[in-house]
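Q: need a 3D model of the following:
(one chain, ligands or ions: 1)
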Amino acid sequence: MTDEELMAVAEKKVDVAYAPYSGLRVAAALETAEGDVFTGVNVENGSYGLSCCAERSAMFSAVGAGRKRFNRIAIASSANAPLRPCGACLQVMWEFSPDMVVLMGGPEGALERRGVRDLLPEGFVFDRGGEE
Ligand code: THU
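A: Alright, predicted model coming up:
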């Protein structure tokens, strides 16, 4: 699957995001190391702090299906510019796949490609002495 094809999967999901408070609808398409694609959208709540970003929704959905290694994540939104993942989502990417690639979609097919290590150079790693 090309970067553009993965972004197209994300773009198709933007409309189902639940963002009545911010008005910013976001969707993510996550490609696992096995080649599966999981999608997620931002889900807001009237108690604002409970809201969850599209990227984490996609990653948590993949982990729930037994996938823990990711290749790429494409992020599409209703904004008129490529959206950077927030620090919390980058930290979750670090947990599973610090070498994964982030694709950020902009208007008219514009696509930015960056590494997680580039966007968050030194993520937190909890050393559990080799235990899963
Ligand atoms: N949001 C995402 O879903 N992903 C991002 O990368 C940045 C922000 C959501 C969270 C919230 O629902 C809305 O965008 C405004 O912050």
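Q: where does the prediction get shaky in the protein?
A: Where the chain drops to pLDDT under 70, the residues are 130-132.
Q: quick one, what contacts the residue nearest the centre of the chain?
A: By CA atoms, centre = their mean, the mean C-alpha position of the chain lies nearest to E55, the distance being 2.7 Å. Applying CB atoms under 8 Å, 6 or more residues apart in numbering, we find E55 in contact with 26, 28, 30, 40, 73, 75, 85-86, 89, 92-93. All C-beta spots, glycine's among them, are computed from the backbone N, C-alpha and C.
Q: give me the three-state assignment for it.
A: With DSSP: H, G, I helix; E, B strand; the rest coil as the basis, E55 sits in helix.
Q: show me the strands in this structure, by range?
A: In the chain, the strands defined using DSSP state E lie at 26-32, 37-41, 70-77, 101-105, 111-115.
Q: among these, show me which one is buried the most.
A: Highest mean neighbour count among the strands of the chain (mean count of other CB atoms under 10 Å): strand 26-32, with a mean of 27.
Q: distance of the residue lying closest to D15 once chain neighbours are set aside from C52?
A: Sequence neighbours aside, R25 is the residue nearest to D15 in space, at 7.0 Å (criterion: CB to CB, 6 or more residues apart in numbering). Taking CB to CB, to the nearest Å as the measure, R25 falls 13 Å from C52.
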